[in-house]
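Asks: Generate coordinates for the sequence data below:
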Amino acid sequence: MSDITLSAGIRQNLLALQSTAKDLTSTQERLATGKKVNTAFDNPSAYFTSQSLTNRANDLSSLLDQIGQAQQTINAANNGLTSLTSLLEQALSTVQQAQQASNDTAGSTTGTVSLTGNTLAAGTLLVATGGSTYTVSIAASAALSTIESDINSTSGLGSAGALTATDDGSGHLVLTGTSPNTSFTLSGTDQTAFGLSGSAVSGTSSTRTTLASTYNGLLTQITQLGGDASYNGINLLNGNNLTVNFNETGTSSLTINGVTDNAAGLSLLTYTGTDFQSNTTLQSATTAINAAITTVRSQTENFGTNASVITTRQTFENNMINTLQTGASNLVLADQNQESANLLTLQTQQQLEISALSIANQANQSVLKLFP
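Replies: Numbers count the residues shown, from 1 in each chain. Just a heads-up that it's a prediction; the model follows:
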């Protein structure tokens, strides 16, 4: 109060006591909160710098969740690729089984020879089978039976049992392979006149027909599996892309391009049972499957590399967050040992100051002794 006059000694001790009480309050707050800077008024520079570091650490922590989800998306894709490889290997095995399966019946081809009113000129008939081409000389105006005889007596062809020439009794020349998977092609100067065209068709194999159905079923499974490799709405095997941000501003990121791993995307065709009767078709299927396996393995390697990059960035982000949090803490956290020692010292000092104030007050009271 302004109308109360204190002596110099009492005022000096009172100010010291007030200062100590303020320091005690500050020290107790530091011990209670664990921080030496609790507000911007304590230390503006340290407070706002610490806040900035903490905010960035929090932003990176949020990104870690997204990075972790991206890692799981890639893991789902890798799981899908592993299973796709297994299905492709099964498809390849199916085709290889078909290649090893012999046709059940011998192949044949027919052509029409019309002798009535048609005089055939002399010429040659070329028969290609078993990797060799045989020349059959045909005389002018030869009868159908003569043509059959000429073919059957040709060395290495009819005489070797590769095929047999007959007719159906209606003017059709019939060439029949004597063993499964026999095929032959006809050509020559009188091809048109003979009425023969195209290549012979090998016989039908029930085993190959069944394997064609099995193969098509595997292609269906490949397509379905590729469509099921989705995680959190993103399917890297169904054409979806994935972008992973590595900093809070989005200037550091990784984009993983998706692929289309269904049967069509891997250039795999479905086949009928008739298609599987052709060795050429089976070889084409084998080539396509091997190419698909190579593609899937390359994709697995690519996704694996991306997964490693994400794992590395996860480790970096965690370390960066720890560094930011440590730096922020160093600016504002109090040394509990030091603050405890300060509290004990201030409490002792406060007691001494109270004693000093009491002594100063007693000195002022001595004047009362002058009054009876």
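
Asks: Now do the domain split for the protein, please.
Replies: Domain ranges of the chain: 57-101+207-324, 106-203, per automatic domain parsing.

Asks: rank the ones you listed by pLDDT, which is bottom?
Replies: Ranked by mean pLDDT, the domains of the chain end with domain 106-203 at the bottom, a mean of 64.

Asks: On the three-state scheme, the residue nearest the centre of the chain is what?
Replies: When the chain is reduced to its mean C-alpha position, the closest residue under C-alpha atoms, centre = their mean turns out to be residue 77, at 3.6 Å. In three-state terms, and counting by DSSP: H, G, I helix; E, B strand; the rest coil, residue 77 is helix.

Asks: For it, give its distance to residue 288.
Replies: Residue 77 sits 22 Å away from residue 288, going by C-beta to C-beta, to the nearest Å. Heads up, the C-betas are built off the backbone N, CA and C, glycines and all.

Asks: again, but for residue 43
Replies: Counting by C-beta to C-beta, the gap from residue 43 to residue 288 is 71 Å.

Asks: Phi and psi next, for residue 249.
Replies: For residue 249, the backbone dihedrals (degrees, to the nearest 10) come out as phi -100, psi -10.

Asks: Can you name the residues in contact with stretch 216-236?
Replies: With C-beta atoms under 8 Å, 6 or more residues apart in numbering as the test, stretch 216-236 has contacts from 69, 72-77, 79-80, 83-84, 87-88, 90-91, 94, 237-238, 240, 242, 256, 258-266, 268, 270-271, 303.

Asks: at 6 Å what do you get?
Replies: 69, 72-73, 76-77, 80, 83, 87, 90-91, 237-238, 240, 242, 258, 261-263, 268, 270 (C-beta atoms under 6 Å, 6 or more residues apart in numbering).

Asks: among those, which ones are buried?
Replies: Among the contacts of stretch 216-236, those classed as buried by 16 or more other C-beta atoms under 10 Å are 73, 76-77, 80, 83, 87, 90-91, 237-238, 240, 242, 258, 261-263, 268.

Asks: taking those one by one, which sit in strands?
Replies: residue 242 (DSSP state E).

Asks: Just the ones of the buried ones among the contacts of stretch 216-236 in helices?
Replies: Counting by DSSP state H, these place 73, 76, 77, 80, 83, 87, 90, 91 in helices.

Asks: Return the member of these nearest to residue 24.
Replies: Nearest to residue 24 among these is residue 73, at 56.6 Å by C-beta to C-beta.

Asks: residues in contact with the closest one?
Replies: Contacts of residue 73 by C-beta under 6 Å, 6+ apart are 231, 234, 242.

Asks: how about a cut-off of 10 Å?
Replies: 229-236, 240, 242, 244, 256, 258, 303, 307, 310 (C-beta atoms under 10 Å, 6 or more residues apart in numbering).

Asks: And residue 60, by the same measure?
Replies: 67, 246, 247, 248, 316, 317, 318, 320, 321, 324, 325.

Asks: element containing residue 134?
Replies: strand 132-138 (DSSP states H and E).

Asks: what comes up buried for that strand?
Replies: Result for strand 132-138 [16+ other C-beta under 10 Å]: buried residues 134, 136, 138.

Asks: what ranges do the helices span in the stretch 51-200 of the chain?
Replies: 144-152, 191-194 (DSSP state H, counting those that start in this stretch).
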